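>>> Please work out how this folds:
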Amino acid sequence: MNAKLSVNINKIATLRNSRGGNNPNLLKVALDCEQFGAQGITVHPRPDERHITYKDVYELKPLLQTEFNIEGNSKEKKFVDLVLDVKPAQVTLVPDTQGQLTSDHGWDTIKNKDYLKDIIAQFQSAGIRTSIFVDADIKMIEGAKETGTDRIELYTESYAKHYLKNKEQAIESFIIAAKKANELNIGINAGHDLSLENLNYFATKIPNLLEVSIGHALISDALYFGLENTIQLYLRQLKIS
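Numbers count the residues shown, from 1 in each chain. Predicted coordinates for the structure are as follows:
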């Protein structure tokens, strides 16, 4: 089964916010992404609302027909309240620090086990699938199992960074991590710096990859290829059969 493509629309919100007003129209872009073949929409609201706003999240929920994935820092009470109120298909917990430019590390699932168990249970009790952002470290995968999470999201920045130099070496730790997740019956998502250049190799090598969340590269490619064509190009990269 091919992994699903969830389009992160944060960059659309960034562009809109740079001039004020509503151009580009975030809601229309999200609906167009669905129409063009995306199987999910991802947003990552941050406390300063510098791209996706909390208002955006509330407005998107009743419109979307595909899976809605909300990423963010669950140590922010405002974020937790938002997710519990909106009830997306999935929440992805990311250990962001205050003012962080972009996500750059996964959870220490051993050190944060008790906290993660409690917050994951809150979301699951509301019928929300949980995923936690982790590095491709087998100990962190084993720790994730102890938290009770439904899925992990493999943080793929290191893979993307080293892909051109040595793709076999770049993917090695991710294959090991994915095999352990499969053994422990944890679903596998992935994201960060995945692109047209490196996505197909990743998708073909990671066993039982369920979903990828892609924003920056996809929106950048759409400037050249157009949004509809770009989404189709990414979907083709995910075809492994």
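
>>> Might you list the low-confidence residue ranges for this protein?
97-104, 241 (pLDDT under 70).

>>> Could you check how far stretch 122-141 is from the centre of its chain?
12 Å (C-alpha atoms, centre = their mean, to the nearest Å).

>>> can I get the CA coordinates of it in CSV?
Extracted C-alpha coordinates of stretch 122-141, given in CSV (Å, rounded to 0.1, in the frame of the first residue of the first chain):
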residue,chain,number,x,y,z
GLN,A,122,-6.0,12.6,26.8
PHE,A,123,-6.1,12.8,23.0
GLN,A,124,-6.9,9.2,22.5
SER,A,125,-9.8,9.4,24.9
ALA,A,126,-11.2,12.1,22.6
GLY,A,127,-10.9,9.8,19.6
ILE,A,128,-7.9,11.4,18.1
ARG,A,129,-5.1,9.3,16.7
THR,A,130,-1.7,10.3,18.1
SER,A,131,1.7,10.4,16.5
ILE,A,132,4.9,11.6,18.1
PHE,A,133,7.9,13.2,16.4
VAL,A,134,11.0,11.0,16.9
ASP,A,135,14.6,10.7,15.7
ALA,A,136,15.6,7.5,13.9
ASP,A,137,17.0,6.0,17.1
ILE,A,138,15.9,2.5,18.1
LYS,A,139,15.9,3.4,21.8
MET,A,140,13.5,6.2,21.0
ILE,A,141,11.3,3.8,19.1
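
>>> That stretch: which residues count as buried?
123, 128-137, 140-141 (16 or more other C-beta atoms under 10 Å). From N, CA and C alone the C-beta is placed, and that goes for glycine too.

>>> swap in stretch 48-65?
Using 16+ other C-beta under 10 Å as the test for burial, stretch 48-65 gives His51, Ile52, Thr53, Tyr54, Asp56, Val57, Leu60, Leu64.

>>> Mind checking which of the residues you listed land in strands?
Per DSSP state E, strands hold no members of those.

>>> What segments of the protein are helices?
For the chain, the helices defined by DSSP state H occupy 10-19, 26-35, 54-60, 77-86, 113-125, 138-147, 157-162, 167-183, 199-205, 216-225, 227-237.

>>> Gly187: which of the buried residues of stretch 122-141 is nearest?
Sorting these by distance to Gly187 puts Ser131 at the head of the list, at 7.4 Å, by C-beta to C-beta.

>>> from what I can see the closest one touches Asp150, true?
Yes. Counting by C-beta atoms under 8 Å, Ser131 touches Asp150, with 6.6 Å between them.

>>> For the most centrally placed residue in the chain, name its beta-bridge partners.
Centroid-nearest residue in the chain: Ser213, 4.0 Å away (criterion: C-alpha atoms, centre = their mean). Per DSSP bridges, the residues bridged to Ser213 are Ser6, Gly191.

>>> Look up how far Leu82 lies from it.
Here Ser213 is placed at a distance of 18 Å from Leu82 (C-beta to C-beta, to the nearest Å).
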